[in-house]
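[1] model the following, please.
(one chain, ligands or ions: 1)
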Amino acid sequence: MWFTSDNASGAAPEIMAAVQAANAGYARSYGADALMDQVRAQIRAAFEAPEAAVYLVATGTVANALSLAISCPPWGAVFCHTHAHIAEDECGAPEFYMHGAKLVLVAGDHGKMDPAALSMAIEKAKGSGVHGVQPAAVSITNVTEAGTVYSVAEVAALAAIGRAHGLAVHLDGARFANALVATGATPAEMTWKAGIDVLSFGGTKNGCMGVEAVVIFDPAKAWEFELRRKRGGHLASKHRFLSAQMTGYLEDGLWLRLAAHANAMGARMTRGLSQMPDVALVHPVGANILFPEWGLGTHARLEAAGAAYYPFTAPAGRERARLVTSWSTTEADVDNFLTALRG
Ligand SMILES: Cc1ncc(COP(=O)(O)O)c(C=O)c1O
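    Numbering: from 1, shown residues only. Next up is the predicted model:
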């Protein structure tokens, strides 16, 4: 009954086997390993993007921060949702790597930026001339921090607003695989075909040990990314172990199978919760993150039964939780939780 986060899960056996296999003998360092050639080819094929530049880093935070640093000058503005991970959970890393650029928060229900609010925020920033930060990029998160999923059309609509103003568009895809299987879209449809310039492509939350890819659809930005990654201290010397995780992840569609399982467990939990009269879901569940709300005393009862998750601030007289299912969640985990909740 461990639902704190999908990064509380271990690594999938296939990923561990790929890392073990990569341990034999010698390999070139700093990203010049043969496995990285394989990763590049796999990602270019999966995204139908033969020119894309592909790099690996160890955390989602640095994938986002470096992606934004190549998209925005120090005097620029990045438009993102009020509760975007880059705004609330990265300790200022994006601003740090962008050398002081500003995140401008855009409201919207259920974790999704409202297109009209995005347009207004960009127009307002443009109107401030030399006194304000200059609009430079839009950052979209899919799966959102509220556990909802943007459709391809919704991503394309936000990207089109940014592009109409000449802005770069970044997608925080820490849970990109979960969003893809939820929508049935292809990787190309969810990214460059929808107007995305740079993608943070998550692996860690979906069964890897610790690897994220940055996929840059405009290769003109590639060298700058390489320099910033090295300067920022994120070019791994024993890079083959990052490459091995990513090749294992992409091999035979493992990444999509793991995400489909996590989402199926999310759907199983959603069905169970929906049948309980005192339980309400704060946001529609799109993939593997749920925000249920229930009566006082429930946290204590669930904790006593051995359930682990994060409690959230709730209106008076109620309690809220965030539950995250993962590639390793079992049906029994979900059913035991629901039984404990029923009391
Ligand atoms: C949407 C989103 N983006 C980025 C990250 C950052 O990942 P990391 O914790 O590996 O830096 C997370 C992690 O929780 C996340 O949920």
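[2] contact partners for the residue in the stretch 51-200 of the chain that the ligand sits nearest to?
    Residue nearest to the ligand within the stretch 51-200 of the chain: Gly60 (2.4 Å; CB to the nearest ligand atom). The way it works is simple: take the backbone N, C-alpha and C, and place the C-beta from them, glycine included. Gly60 is in contact with 85, 172, 174, 200, 202, 204-205, 212, counting by CB atoms under 8 Å, 6 or more residues apart in numbering.
[3] show me where the stretch 151-300 of the chain has its helices.
    Taking DSSP state H, counting those that start in this stretch as the criterion, the stretch 151-300 of the chain carries its helices at 152-164, 176-183, 187-190, 222-231, 240-250, 254-274, 298-304.
[4] in TSV: the ones you listed, plus mean pLDDT.
    Formatted as TSV, the helices of the stretch 151-300 of the chain follow (pLDDT from 0 to 100):
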stretch	mean pLDDT
helix 152-164	98
helix 176-183	98
helix 187-190	98
helix 222-231	98
helix 240-250	98
helix 254-274	98
helix 298-304	96
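[5] want to throw those helices into a markdown table with mean neighbour count and distance to Glu48?
    Formatted as a markdown table, the helices of the stretch 151-300 of the chain follow (neighbours: other CB atoms under 10 Å; distance: least, CB to CB, whole Å):
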| stretch | mean neighbour count | distance to Glu48 |
| --- | --- | --- |
| helix 152-164 | 19 | 14 |
| helix 176-183 | 26 | 14 |
| helix 187-190 | 20 | 4 |
| helix 222-231 | 16 | 18 |
| helix 240-250 | 26 | 14 |
| helix 254-274 | 21 | 15 |
| helix 298-304 | 15 | 45 |
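[6] one step back: from the contacts of Gly60, which land in strands?
    Among the contacts of Gly60, the members falling in strands (DSSP state E) are 172, 200, 202, 212.
[7] of these, list those near the ligand.
    Residues of the ones in strands among the contacts of Gly60 in contact with the ligand (CB under 6 Å from any ligand atom): Asp172.
[8] now the two most distant members of the ones in strands among the contacts of Gly60.
    Asp172 and Glu212 (10.1 Å; CB to CB).
[9] now do the shared contacts for the two.
    60, 200.
[10] quick revisit: may I see the PyMOL selection of the buried members of the contacts of Gly60?
    Only the buried entries of these go into this PyMOL selection, using 16 or more other CB atoms under 10 Å:
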select buried, resi 85+172+174+200+202+204+205+212
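[11] for Arg320, identify the helix or strand it belongs to.
    According to DSSP states H and E, Arg320 maps onto strand 318-324.
[12] nearest residue to the residue positioned nearest the centre of the chain other than its sequence neighbours?
    Centroid-nearest residue in the chain, with CA atoms, centre = their mean: Ala174, separated by 2.0 Å. Excluding its sequence neighbours, the residue lying closest to Ala174 (CB to CB, 6 or more residues apart in numbering) is Gly202, at 4.0 Å.
[13] beta partners of that neighbour?
    Glu212 (DSSP bridges).
[14] surely it touches Leu180?
    No: under the criterion of CB atoms under 8 Å, Gly202 is not in contact with Leu180, lying 11.1 Å apart.
[15] what does the stretch 1-150 of the chain have sitting close to the ligand?
    59-61, 64, 85, 141, 145.
[16] pull the most distant pair out of those residues.
    Between all members of those, the farthest pair (by CB to CB) comes out as Thr59 and Glu145, at 16.9 Å.
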